[in-house]
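S.K.: here is the input, now give the coordinates:
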Amino acid sequence: MEFRNLDEFWGFYMGQHSKSSTRRWHFAGTLCALLCFLFAALTGRLWLMMFCPLFGYGMAWYSHLFVELNTPATFGHPLWSLFCDFKMFGLMLTGRLDREIKRLGKRPLTN
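M.R.: Residues are numbered from 1 along each chain as shown. Reported below is the predicted structural model:
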């Protein structure tokens, strides 16, 4: 699929994350990746940063393959997917994701 801008892609991205458990796996993966990055930076063990993508993408891709049953958007749009993952993480962290889902006209599926 082709998208003209990040806002257009955002609607598609959220459609690829319709199940709440998919979004929770993404949240956990992003949180683990950020904590790994922070730990590595603060302790000077920069080699640990190589695990950041393993945590983030590993948990996210698991959710797409075994929960959502679709192909990760990362495969076709890696940078936009990364930006949207951080946006979804921030919205979840601040409790505003449900409002955003309603704004987009998407109905999230519960598990």
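
S.K.: helices of the chain, start to end?
M.R.: Counting by DSSP state H, the chain has these helices, from start to end: 6-15, 20-43, 52-63, 78-93, 97-104.

S.K.: pick the most deeply packed of those helices.
M.R.: Counting by mean count of other Cβ atoms under 10 Å, helix 52-63 has the highest mean neighbour count of the helices of the chain, with a mean of 19. Glycine gets a C-beta too; all of them are placed from N, C-alpha and C.

S.K.: thinking again about what came up before, mind putting the helices of the chain into CSV with distance to Pro72 and mean pLDDT?
M.R.: Compiled in CSV, the helices of the chain are given as follows (distance: least, Cβ to Cβ, whole Å; pLDDT from 0 to 100):
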stretch, distance to Pro72, mean pLDDT
helix 6-15, 10, 94
helix 20-43, 10, 98
helix 52-63, 5, 96
helix 78-93, 7, 97
helix 97-104, 19, 93
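
S.K.: for Thr71, which of those helices is the nearest?
M.R.: Among the helices of the chain, the nearest to Thr71 by Cβ to Cβ is helix 52-63 (9.5 Å).

S.K.: and that closest one, what does it pack against?
M.R.: The criterion is 3 or more Cβ pairs under 8 Å, 6 or more residues apart in numbering; DSSP states H and E, and the helices and strands that helix 52-63 contacts are helix 20-43.

S.K.: gap between the helix it packs on and the chain center?
M.R.: Mean-position distance between helix 20-43 and its chain equals 10 Å (Cα atoms, centre = their mean, to the nearest Å).

S.K.: with stretch 49-63 instead?
M.R.: Going by Cα atoms, centre = their mean, the spacing between the C-alpha centre of stretch 49-63 and its chain's C-alpha centre is 10 Å.

S.K.: coming back round to it: can you lay out the helices of the chain as TSV showing distance to Leu69?
M.R.: As requested, the helices of the chain are exported to TSV (distance: least, Cβ to Cβ, whole Å):
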stretch	distance to Leu69
helix 6-15	13
helix 20-43	10
helix 52-63	10
helix 78-93	18
helix 97-104	19
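
S.K.: for the one residue sitting closest to the centre of the chain, give its distance to Phe55.
M.R.: Compute the mean C-alpha point of the chain, and by Cα atoms, centre = their mean the closest residue is Asp85, 3.3 Å away. Computed with Cβ to Cβ, to the nearest Å, the distance linking Asp85 and Phe55 is 12 Å.

S.K.: cheers, nothing more for now.
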